[in-house]
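1. Turn this into a model:
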Amino acid sequence: MSADYQVHGSVAVITMANPPVNGLGLATRQGLVDGLLRADADAAVSAIVITGAGSAFSGGADINEFGTDKSAQEPHLLSVIAVIENSSKPVVAALHSVAMGGGLELALGCHYRIAAPSCRIALPEVKLGLIPGAGGTQRLPRALGVEAALNLIVSGESVNSEMIGALPGQKLLDKLSTSAQALAAEALAFAQGVAAARPLPLVRNLPCRHPEGQAYFQFARNMVKGMSRNFPAPALCVDAVEAATRGPFADGMQIERAIFMKLMQTPESRALRHLFMAERAASKIPDVPSDTPRRDIRAVAVIGAGTMGGGIAMNFLNAGLPVKILEMKPQALERGLATIGKNYEAQVKKGKLTQDKYQQRMALLSTTLDYADIRDADLVIEAVFEDLGVKESVFRQLDAQMKPGAILASNTSTLDIDKIATFTGRPQDVVGMHFFSPANVMKLLEVVRGKATAKDVLATVMAIAKKIRKTAVVAGVCDGFIGNRMIEQYSRQAGFLLDEGCTPEQVDKAIEKFGFAMGPFRMGDLAGNDIGWAIRKRRAVERAEMKYSRTSDKLCELGRFGQKTAAGWYDYQAGKRDAIASALVHRMIEEHRQQLGITPRKIADEEIVQRLVFALVNEGARILEDGIASKSGDIDMVYITGYGFPMHRGGPMRYASELGLFNVVQAMGRFARNPHDDAAFWQPAPLLARLAAQGKTFN
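-> Residues are numbered from 1 along each chain as shown. Below is the predicted model of the structure:
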């Protein structure tokens, strides 16, 4: 059983025990019901307390049961709550740490609730593309008031128990305990104090009205739809809460259940649930157990004070770790420090950072021009120019200077980590930590595992990624790792589309309509087109057979590197980032087509999207087959958190599975017959072909 039963005097205490967050799995639900029935039958028991062991009251549904028969097996949560409400003795929920989702719905079904300070309370189901499904949309408005409840349900965000307790007229919390340590004793005393109280109060019997009625809900619906156009759940949250105000509780419950079941079948919810699981699975490395020892990281050094180096440094400063930045020239250090200062000052002006915290973070930052000054750092990350010769120079000096056991990390986006490790006498300490620009904002961190990288180094880097609030995904060593190896194929297709008849803005608009944050040409202008140019020059030597459109090189030969030169695929006005269609670029593309003898054709948005996205899918399948990524969910996390892939589609691999891999392979066959494309590339990866033939998916 995942629930412990004990009697203290006349009070029975049922403690959920399903670590780490007391998920409401089948065994826990059964344990709760058994405990409730046992207490109800015991004449010596006059009241019941439900609480959670460890670091949570309950985080809600047990993620290990997602998609299994156990999740709906009786007693399901609705049945558990019915047993609580029908108890002949008062049931008190003693909340602490976390009371979220089904955990909060369970508490709302209890007769009374007492909470420890700083308990985080939320109904986050909307983040999975759902609405609360066990009465949350019906009970919370009754306990908290319609507007406060709707804000919590639509946002999915948590609030602490003190904020709830301070709301006028709230009936969610009957008492706040004096401290987390005192909760157990105070809950027992509270339960004894209400043991004889009758009738037993039920949240479901509280009134639920809004003074503005229909007008308020229409306003709320308009606001929500404007903010969540790709997700149906937020607007349906409004419908469910409105139902709580318009009829009997039982009718509202039926409406909530119907909406919940409808949303469970939507591709958006399936995508979000997939990403929820994928994010948790990404931190698990098959051959690195969770109890692998970790190295102590107390001080960090960063090599390079440019945009990337400064952004990387900010992550560690934000987490309270001292950082020392090394540069070769004083002017470069001064520029880097000024940029970090400006970034923090902008946050202070926007109210996102207090002046005190800004000063605390800057106090953790120091600089040097001498490698000897960073020798005591526990982790050093180089963020210098993307050239193997430059990296060699840095790593030879790090090997000579850094203390034994220090982790030597490279921020390279494409280069061979195994080769970089050979520049040292300690390859086991070398790892890739590929941050994405801007490094202080983007969530993704590709952790590149070399063939000699020690397991404790991997475990340490994954833990430090969590500390600096990054989503870390492990990649093997290959050119471009996961993200950039795939994006190259996406970019190649974008170039071929220009050759065949598209304009940059047509391609960008089509993929942005699909849901990408930014199309390939706007992305190139933001990142710098010269970066891709340097990679193609290297490719010309290393992989001469790889075919590209020449338009990108022609653009760079004109000095149009993007926003930094105020001219790229688009024109830019000084001080603005608005992309303006360029007549010069259009002429260049047209002249190039004429040189190739290509008559431009009209290309539908559907073809644009399929060629770009299926290029990602096919290369992703090869990456899985090569062992560069261990699971398809890792690839999806890379693209959602690092490349702006639309979240409501779940990542490229999930999207392909949703479409059906058979259909993806058929489309690829059509693209292979295009004389202006790369037929060899469109041969399905063996893994993709095999799964499609078997009617299976990547998931």
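
2. Near N230, how many other residues are there?
-> Applying other Cβ atoms under 10 Å, we find 11 residues neighbouring N230. C-beta coordinates here come from the backbone N, C-alpha and C atoms, glycine included.

3. Check whether it sits in a helix, strand or coil.
-> coil (DSSP: H, G, I helix; E, B strand; the rest coil).

4. Please look at it and H648 and confirm they touch.
-> Yes: counting by Cβ atoms under 8 Å, N230 touches H648, with 4.2 Å between them.

5. list residues touching both of these two?
-> 268, 515 (Cβ atoms under 8 Å, 6 or more residues apart in numbering).

6. hmm, who's touching stretch 477-485?
-> 413-414, 416-418, 432, 434, 436, 444, 446, 448-451, 473, 475, 486-488, 542, 619-620, 623, 626, 628-629, 634-635, 638-639, 642-643.

7. Show me which residues of that stretch are buried.
-> Applying a neighbour-count criterion of 16 or more other Cβ atoms under 10 Å, one finds 477-478, 480-485 buried in stretch 477-485.

8. What about these, which are in helices?
-> Residues of the buried residues of stretch 477-485 located in helices (DSSP state H): 483-485.

9. Now tabulate those residues in a markdown table and tack on distance to A667 and pLDDT.
-> Shown next, in a markdown table, are those (distance: Cβ to Cβ, whole Å; pLDDT from 0 to 100):
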| residue | distance to A667 | pLDDT |
| --- | --- | --- |
| G483 | 23 | 95 |
| N484 | 24 | 93 |
| R485 | 21 | 94 |
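
10. neighbours of the closest residue to E392 other than its chain neighbours, just the number please.
-> The shortest distance from E392 to any non-neighbouring residue, by Cβ to Cβ, 6 or more residues apart in numbering, is to F423 (4.9 Å). Look at F423: counted by other Cβ under 10 Å, it has 19 neighbours.

11. Just list the residues touching F423, thanks.
-> Taking Cβ under 8 Å, 6+ apart, one finds 391-392, 395-396, 399 in contact with F423.

12. Over to L388?
-> 415-416, 419-420.

13. Show me which of these has the smallest pLDDT value.
-> Among those, L415 carries the lowest pLDDT, at 91.

14. That residue: neighbour count?
-> L415 has 20 nearby residues by other Cβ under 10 Å.

15. Helix or strand next in line after the helix or strand bottoming out on mean pLDDT in the chain, which one?
-> Every helix and strand in the chain was compared by mean pLDDT, DSSP states H and E; the lowest is helix 529-542, with a mean of 82. From helix 529-542 onward toward the C-terminus, using DSSP states H and E, the following helix or strand is helix 551-557.

16. I'd like to know which elements that following helix is packed against.
-> Under the contact criterion of 3 or more Cβ pairs under 8 Å, 6 or more residues apart in numbering; DSSP states H and E, helix 551-557 touches helix 483-500, helix 529-542, helix 583-596.

17. Any chance of those helices in CSV with distance to Y358 as columns?
-> Formatted as CSV, these follow (distance: least, Cβ to Cβ, whole Å):
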stretch, distance to Y358
helix 483-500, 32
helix 529-542, 31
helix 583-596, 42
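
18. most packed of those helices?
-> helix 483-500 (a mean of 23; mean count of other Cβ atoms under 10 Å).

19. Next up, the contacts around the spatially closest residue to V430 that is not a sequence neighbour.
-> Spatially, and ignoring its direct neighbours in sequence, V430 is nearest to A421 (3.9 Å; Cβ to Cβ, 6+ apart). By Cβ under 8 Å, 6+ apart, A421 lies in contact with 427, 430, 450, 452-453.

20. How about V384?
-> Contacts of V384 (Cβ under 8 Å, 6+ apart): 303-304, 309, 390-391, 394.

21. Among those, name the ones in strands.
-> I303 (DSSP state E).

22. of the contacts of V384, buried ones?
-> For those, buried by 16+ other Cβ under 10 Å: 303-304, 309, 391, 394.

23. Which neighbouring elements make contact with the top helix by length along the chain?
-> Secondary structure of the chain per DSSP H: the longest helix is helix 605-626. Helix 605-626 sits against helix 483-500, helix 504-514, helix 632-642, helix 652-659, helix 661-672, helix 686-694, with contacts defined as 3+ Cβ pairs under 8 Å, 6+ apart.

24. between those, which gets nearest to F385?
-> helix 483-500 (16.2 Å; Cβ to Cβ).

25. now that closest one against helix 529-542, angle please.
-> 100 degrees (axes from the mean of the first three to the mean of the last three Cα atoms, to 10 degrees).

26. now for the strand or helix carrying G226, which elements pack on it?
-> Per DSSP H and E, G226 falls inside helix 214-227. Counting contacts by 3+ Cβ pairs under 8 Å, 6+ apart, helix 214-227 packs against helix 146-155, helix 233-246.

27. again, only this time at 7 Å
-> On a contact count with 3 or more Cβ pairs under 7 Å, 6 or more residues apart in numbering; DSSP states H and E, helix 214-227 meets helix 233-246.

28. Can you point out the buried residues in the helix it packs on?
-> 233-238, 240-245.

29. send the alpha carbons of the helix or strand following it over as PDB?
-> Where DSSP H and E defines the elements, the next helix or strand beyond helix 233-246 is helix 249-264. Output of helix 249-264 as PDB, limited to C-alpha atoms (Å, rounded to 0.1, in the frame of the first residue of the first chain):
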ATOM      1  CA  PHE A 249     -23.000  21.100  -8.600                       C
ATOM      2  CA  ALA A 250     -23.700  17.700 -10.200                       C
ATOM      3  CA  ASP A 251     -24.500  19.300 -13.600                       C
ATOM      4  CA  GLY A 252     -21.200  21.300 -13.400                       C
ATOM      5  CA  MET A 253     -19.300  18.000 -12.700                       C
ATOM      6  CA  GLN A 254     -20.800  16.400 -15.800                       C
ATOM      7  CA  ILE A 255     -19.800  19.300 -17.900                       C
ATOM      8  CA  GLU A 256     -16.300  19.300 -16.400                       C
ATOM      9  CA  ARG A 257     -15.900  15.600 -17.100                       C
ATOM     10  CA  ALA A 258     -17.100  15.900 -20.700                       C
ATOM     11  CA  ILE A 259     -14.600  18.600 -21.400                       C
ATOM     12  CA  PHE A 260     -11.800  16.700 -19.700                       C
ATOM     13  CA  MET A 261     -12.500  13.600 -21.800                       C
ATOM     14  CA  LYS A 262     -12.700  15.600 -25.000                       C
ATOM     15  CA  LEU A 263      -9.400  17.300 -24.300                       C
ATOM     16  CA  MET A 264      -7.700  14.000 -23.500                       C
END
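
30. what does helix 249-264 contact?
-> 129-131, 133, 135, 137-138, 204, 232-233, 236, 239-240, 243-244, 269 (Cβ atoms under 7 Å, 6 or more residues apart in numbering).

31. cutoff 6 Å now
-> Residues from elsewhere that reach helix 249-264, judged by Cβ atoms under 6 Å, 6 or more residues apart in numbering: 130-131, 133, 137-138, 204, 233, 236, 240, 243-244, 269.

32. Closest one of these to E658?
-> Scanning the contacts of helix 249-264 for proximity to E658, where the rule is Cβ to Cβ, the winner is S269, at 11.6 Å.

33. in which helix or strand would I find that closest one?
-> helix 267-282.

34. ditto for L337
-> Here L337 is assigned to helix 330-349, by DSSP H and E.

35. tell me what that helix is packed against?
-> Helix 330-349 is packed against helix 307-318, helix 355-363, with contacts defined by 3 or more Cβ pairs under 6 Å, 6 or more residues apart in numbering; DSSP states H and E.

36. One more pass at 7 Å, please.
-> So helix 330-349, by 3+ Cβ pairs under 7 Å, 6+ apart, packs with helix 307-318, helix 355-363, strand 365-368.
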